[in-house]
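Peer 1: let me see the structure of the following:
(2 chains)
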Amino acid sequence: MCGIAGLIHKNKTVNIGKELEDMLQALKHRGPDSTGFALYGEGENNSYIMRFKVGENVKEGSSASNEGDEVYDARKAQVDKYLGELGAEVVSEDQITPYSFKYIINYDKDLMEFSKKIESVEMTEILSIGKSLELVKDIGDAGVVSKQYGLDKIRGTHAIGHTRMATESGVDIRSAHPFWGYPFSDVSVVHNGQLTNYWNNRRALENKGMRFMSQCDSELIAVYLAEKMRKGVSLEDGMRDSLSELDGVFTYLVATKDSLGMAKDTMAAKPMVLYESDDLVALGSEEIAIRTLLPQEIDTHDPYDGEVKVWQI
Amino acid sequence: MANINDNKDSKSHSMGLHSEALKGRTQQVFFNPEEDENYYYYGAYDVDFNKRTEIDATELSCKDLNDKIKNAMSNGYGTVVVKNPQGKHSLGVGILNKLNLIFEGSLGYFGVGSIDGPIVRISGRVGWSCAENMMSGKVVIEKNAGSCFGAAIRGGDLICKGSVGARTGIDMKGGTIIIGGDAGAFTGFMMQRGRMVILGDVGENLGDSMYDGTIYVGGSIKSLGSDAVESELTELDKSWLKRKLKVAEIGSDFDISKMKKIVAGKKLWNYDALEPAERKGAI
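Peer 2: Residues are numbered from 1 along each chain as shown, chains lettered A, B, ... in the order given. Predicted coordinates for the structure are as follows:
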């Protein structure tokens, strides 16, 4: 059991970090191990925002081992060196935790080659690259993670998030959601459920050059959709294909720079509650997540089996 | 040659294994409708429907609210209005008492589960598994409901005026479920008894693996599940539907003659061989 939530404001920019934090905090009981945010903010003058980590959080409950700040510093120095070799201009950099960073960069070449080079540094993972997307995930509930990364100040139009109960893989950042739709900028995915043809699909996608950073079955959805988009398939068509090509029970949310989508498997085995109005769409595994935004009486419903929906900002 | 059977009988008798005389197929005692005390649980509260109280759920946990409802009944309140439930889970559960319970707003998961007797009105929506294991009474929801609506209910009337999710009436063992809108996939999955009425459309695998019971559908059916077949809508069915929809205050202008009737197509011989009273015990 995990919790997922998403929201999209169609005509305005709001404090999207705080709104998603409140929704995810209401779903804490569905996943106490880690929490992740994919926030679509106002951007940084058309530069890329890159969130990456060079190690794991080793606090109580984590399945990762302690490596030490010196190791993290050495890896960061290696990333900086590779950025220079790739011709990327670093506009600014922030160190959020000893192992986690936010860089603003200018770069105009292939993102897959870029990502491969950066991620060749040991234990280094790009959590997201985007003109709008900032993907943050860590161990703890939504309040803890939001405070740690200062997310309640991020303004934007839409977001998706996840509270994780670890079942398929360890309690660590690499297995936490959301997953970036590598190598596409501004694509992220969160998932509630289990995929039963994970290994078959993973092997096939790896043979096509796609990369997996974890052993979490949910990562498959992000990579699967990215591969579809790489072949020129639209996001919505890719999501529809996933209903028959991915086995198991699932409800997932996917977001891009200007849209938010939802897909539910044909068994309708995983929950999702949906609120739609002219200005706002909000979704959550439970209605109490939506109630944090709209405490007054509202009309909501459960999307049906095999339903795919996409909303634009 | 020694008589093995005689020897066995002798030993088992000497061990006292045959002291109980077995008569018939069951020793279960069923309620006699004439004995009205059987309709009340031991310790049930004597409540007055004209005595009314309100509870604001805004700051209450599920347990605190359920305790307050119980406390109100113990003080003789027969009408309890809950304001601002705000989608919280497991509200109004385990009420084994006569009660008018009114929720002004929406419930989360497992709302009014395992109830026996109350009349519940919910002005908003309900989440998954509303009224699970309901034994008797009446529950009316004004808006939509989530999946597993009325799972394993055994009696009473469960009415949703909006649409419901997947697996509505799963494992249903009695009672009536009435849906004003549409229903999702696997509606009536493993249904064993009771009746379900859906005025709108139904998703895939309707009545999959149903043992018994009847499903009436007013709209389209995406597909029937295994063991579910369409049957003839009789005058008796129409008469029952007309009366039930009127009592449920729903679908008053609905053309009942166009409804489709779905029943179990596979006979389960051991199940059918039971006496009617024994069937009740079996489910």
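Peer 1: can you map out the helices along the stretch 201-313 of chain A?
Peer 2: A:219-230, A:235-245, A:287-291 (DSSP state H, counting those that start in this stretch).
Peer 1: immediately after the longest helix along chain A, which helix or strand?
Peer 2: Identified as the longest helix of chain A according to DSSP state H is helix A:69-86. As assigned by DSSP states H and E, the chain's next helix or strand after helix A:69-86 is strand A:89-97.
Peer 1: give me the neighbour count for B:Ala185.
Peer 2: For B:Ala185, the neighbour count with other Cβ atoms under 10 Å in any protein chain shown is 26. No exception for glycine: its C-beta is placed from N, CA and C like everyone else's.
Peer 1: ok, now which ones touch it?
Peer 2: By Cβ atoms under 8 Å, 6 or more residues apart in numbering or on different chains, the residues touching B:Ala185 are A:266-268, A:304-306, B:166-167, B:203-205, B:222.
Peer 1: top of those residues by neighbour count?
Peer 2: If you rank the contacts of B:Ala185 by neighbour count (other Cβ under 10 Å), B:Arg167 sits at the top with 30 neighbours.
Peer 1: show me the contacts for it.
Peer 2: By Cβ under 8 Å, 6+ apart, the residues touching B:Arg167 are A:268, B:147-148, B:151, B:184-187, B:189.
Peer 1: how far away is the spatially closest residue to A:Asp258 that is not a sequence neighbour from chain B?
Peer 2: Ranked by Cβ to Cβ, 6 or more residues apart in numbering or on different chains and with sequence neighbours excluded, the top spatial neighbour of A:Asp258 is A:Ile313, at 5.1 Å. Between A:Ile313 and chain B the distance is 26 Å, computed by Cβ to the nearest Cβ, to the nearest Å.
Peer 1: mind checking pLDDT for A:Ile313?
Peer 2: Model confidence at A:Ile313, given as pLDDT, is 89.
Peer 1: likewise for B:Gln27?
Peer 2: pLDDT recorded at B:Gln27 is 44.
Peer 1: what of the one 3 residues further on?
Peer 2: According to the per-residue confidence, B:Phe30 scores 52 in pLDDT.
Peer 1: what residue is smack in the middle of chain A?
Peer 2: The centroid of chain A falls nearest to A:Pro178 when counting by Cα atoms, centre = their mean (2.4 Å).
Peer 1: the residue nearest to A:Asp258: neighbour count?
Peer 2: Using other Cβ under 10 Å, A:Ile313 has 19 neighbouring residues.
Peer 1: correct me if wrong: it contacts A:Ser259.
Peer 2: Yes: under the criterion of Cβ atoms under 8 Å, A:Ile313 makes contact with A:Ser259 at 7.1 Å.
Peer 1: identify the contacts common to those two.
Peer 2: Residues within reach of A:Ile313 and of A:Ser259 at once, by Cβ under 8 Å, 6+ apart, are A:Ile8.
Peer 1: ok, A:Cys304 to chain B distance?
Peer 2: I think there's a mix-up here, since residue A:304 is Tyr and not Cys. Using Cβ to the nearest Cβ, A:Tyr304 is found at 5 Å from chain B.
Peer 1: so is stretch A:174-192 next to chain B?
Peer 2: No: for a cut-off given as Cβ under 8 Å from any Cβ of the partner chain, stretch A:174-192 has no contacts with chain B; the smallest distance is 13.2 Å.
Peer 1: just the CA coordinates for that stretch, please, in CSV.
Peer 2: C-alpha atoms of stretch A:174-192 as CSV (Å, rounded to 0.1, in the frame of the first residue of the first chain):
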residue,chain,number,x,y,z
ARG,A,174,16.9,5.4,-5.1
SER,A,175,13.7,3.2,-4.6
ALA,A,176,11.5,6.1,-3.6
HIS,A,177,9.1,7.8,-6.0
PRO,A,178,8.6,9.8,-8.1
PHE,A,179,10.8,8.5,-10.9
TRP,A,180,12.2,10.8,-13.6
GLY,A,181,11.3,9.8,-17.1
TYR,A,182,14.9,9.5,-18.2
PRO,A,183,16.2,10.9,-20.5
PHE,A,184,13.3,13.3,-21.1
SER,A,185,13.3,16.7,-19.4
ASP,A,186,10.3,17.4,-17.1
VAL,A,187,8.7,13.9,-17.1
SER,A,188,8.0,12.2,-13.7
VAL,A,189,5.9,9.3,-12.6
VAL,A,190,4.4,8.0,-9.3
HIS,A,191,2.7,4.6,-8.9
ASN,A,192,0.6,2.6,-6.4
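Peer 1: number of residues surrounding A:His145?
Peer 2: One thing to correct before we go on: residue A:145 is Val, not His. Using other Cβ under 10 Å, A:Val145 has 24 neighbouring residues.
Peer 1: pull the contacting residues for the residue nearest to A:Asp258.
Peer 2: Counting by Cβ under 8 Å, 6+ apart, A:Ile313 touches A:8-10, A:157-158, A:258-259.
Peer 1: run a quick neighbour tally on B:Asp56.
Peer 2: 14.
Peer 1: for B:Ser74, that is, sorry about that
Peer 2: Neighbours of B:Ser74 (other Cβ under 10 Å): 13.
Peer 1: quick check: the gap between it and chain A.
Peer 2: Computed with Cβ to the nearest Cβ, the distance linking B:Ser74 and chain A is 29 Å.
Peer 1: what pLDDT is listed against the residue nearest to the centre of chain A?
Peer 2: On pLDDT, A:Pro178 comes in at 95.
Peer 1: try the one 3 residues further on
Peer 2: Here, the pLDDT recorded for A:Gly181 equals 88.
Peer 1: poorly predicted segments of the chain, please.
Peer 2: Let's take chain A. Scanning chain A for pLDDT under 70 picks out A:62.
Peer 1: meant chain B, my bad for not saying
Peer 2: B:1-40, B:267-283.
Peer 1: so where do the helices sit in it?
Peer 2: Along chain B, counting by DSSP H, helices occupy B:4-14, B:62-74, B:235-247, B:269-272, B:276-282.
Peer 1: returning to that earlier point: quick one: which of the contacts of A:Ile313 sit in strands?
Peer 2: Among the contacts of A:Ile313, the ones falling in strands (DSSP state E) are A:8-9, A:157-158, A:259.
Peer 1: any idea how far B:Ser147 lies from B:Gly184?
Peer 2: Using Cβ to Cβ, to the nearest Å, B:Ser147 is found at 7 Å from B:Gly184.
Peer 1: distance to B:Ser231 for the contacts of B:Ala185 - can I get that in CSV?
Peer 2: Converted to CSV, the contacts of B:Ala185 look like this (distance: Cβ to Cβ, whole Å):
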residue, distance to B:Ser231
A:Thr266, 27
A:Met267, 27
A:Ala268, 26
A:Tyr304, 26
A:Asp305, 25
A:Gly306, 28
B:Ala166, 24
B:Arg167, 22
B:Gly203, 20
B:Glu204, 20
B:Asn205, 18
B:Lys222, 19
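Peer 1: run the contact check for the longest strand seen in chain B versus chain A.
Peer 2: Criterion DSSP E: the longest strand present in chain B is strand B:48-56. No: applying Cβ under 8 Å from any Cβ, one finds strand B:48-56 separated from chain A by no less than 12.8 Å.
Peer 1: note down every partner strand of that strand and its orientation.
Peer 2: Sheet pairing of strand B:48-56 (DSSP bridges) gives strand B:77-83 (parallel).
Peer 1: buried residues in the partner strand, which are they?
Peer 2: For strand B:77-83, a neighbour-count test (16 or more other Cβ atoms under 10 Å in any protein chain shown) marks B:77-82 as buried.
Peer 1: next up, the contacts around A:Leu27.
Peer 2: Going by Cβ under 8 Å, 6+ apart, A:Leu27 touches A:3-5, A:163, A:284-286, A:288-289.
Peer 1: contacts only, for the residue of the stretch 1-150 of chain B at minimum distance from chain A.
Peer 2: For the stretch 1-150 of chain B and chain A, the shortest gap (Cβ to the nearest Cβ) falls at B:Gly87, measuring 3.6 Å. For B:Gly87, the contact set (Cβ under 8 Å, 6+ apart) comprises A:286-288, A:290-291, B:105-108, B:127.
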